[in-house]
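Chemist: Make a model of this:
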Amino acid sequence: MLISLAARADLMSMENEVIFRICKARVLCEDVRCEFNGMQTLVGVIMSFPLRRFDQLHEACIWTRWCSGSGTFRQKSRIVGVDEQQVIAQAEVEFQLKEMEGHARTFIILRCAIPAVRNASCGIYLADELRLRFPLPVVQ
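Modeler: Here you go, the predicted structure:
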C-alpha cells in the first residue's frame, strides 16, 4: 500500500497529538490504599463534611478514573466556596495514557480547614479546563 507524503504527515501529526479523555468516575473518600496486586481500595466514601469546628483540619482524597484518550495530562482538583472565588484547597497530579483503549486512575490528597461556609464544591480540571464539578455539602 502506497501512502502519499501529505497523508503520511497527517498520520505522524496524529501520533503526537494529545487526545483529551473522559472522566468515567470520581469518588471523594477519606483514604486510598494500594494493594499488593495493584488494585486500589477506597476507604470512607464522603458525601458531606460533618464539622464540629470550622477551623478543624480535614483530609480528603479525590479518586478519578480516566479513559478514551492518549497523552500526558495534569489534573488539578480544587475545593472552592459558594462564590466559586475562594479556593479552600488545591492539588495537582500528572498522569499518562499510552493508548486509546487504556485507562488511568489517579488520586489526590487535599488537606484543608473548611471556613464557615454552608456549601462548597469540588472541581476537577484537566489542562486548566473544568471537566467536572460536584457539590460538597458542609453540615454541623
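Chemist: Pull out the buried positions in the biggest strand by length in the chain.
Modeler: Assignment by DSSP state E gives strand 22-34 as the longest strand of the chain. Going by neighbour count (16 or more other CB atoms under 10 Å), the buried part of strand 22-34 is 26, 28, 29, 32. Quick note: C-beta positions are derived from backbone N, CA and C, even for glycine.
Chemist: possible to save the residues you listed as a markdown table with pLDDT?
Modeler: A markdown table is the format used below for the buried residues of strand 22-34 (pLDDT from 0 to 100):
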| residue | pLDDT |
| --- | --- |
| 26 | 83 |
| 28 | 82 |
| 29 | 81 |
| 32 | 85 |
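Chemist: Format the residues you listed as a markdown table; extra columns: distance to residue 119.
Modeler: A markdown table is the format used below for the buried residues of strand 22-34 (distance: CB to CB, whole Å):
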| residue | distance to residue 119 |
| --- | --- |
| 26 | 18 |
| 28 | 14 |
| 29 | 19 |
| 32 | 25 |
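Chemist: between the residues you listed, which is nearest residue 44?
Modeler: Comparing these against residue 44 with CB to CB places residue 29 closest, at 5.4 Å.
Chemist: Next up, the contacts around the closest one.
Modeler: By CB atoms under 8 Å, 6 or more residues apart in numbering, the contact set of residue 29 is 42, 43, 44, 45, 46, 60, 61, 63.
Chemist: can you rerun that using 7 Å?
Modeler: 42, 43, 44, 45, 46, 61, 63 (CB atoms under 7 Å, 6 or more residues apart in numbering).
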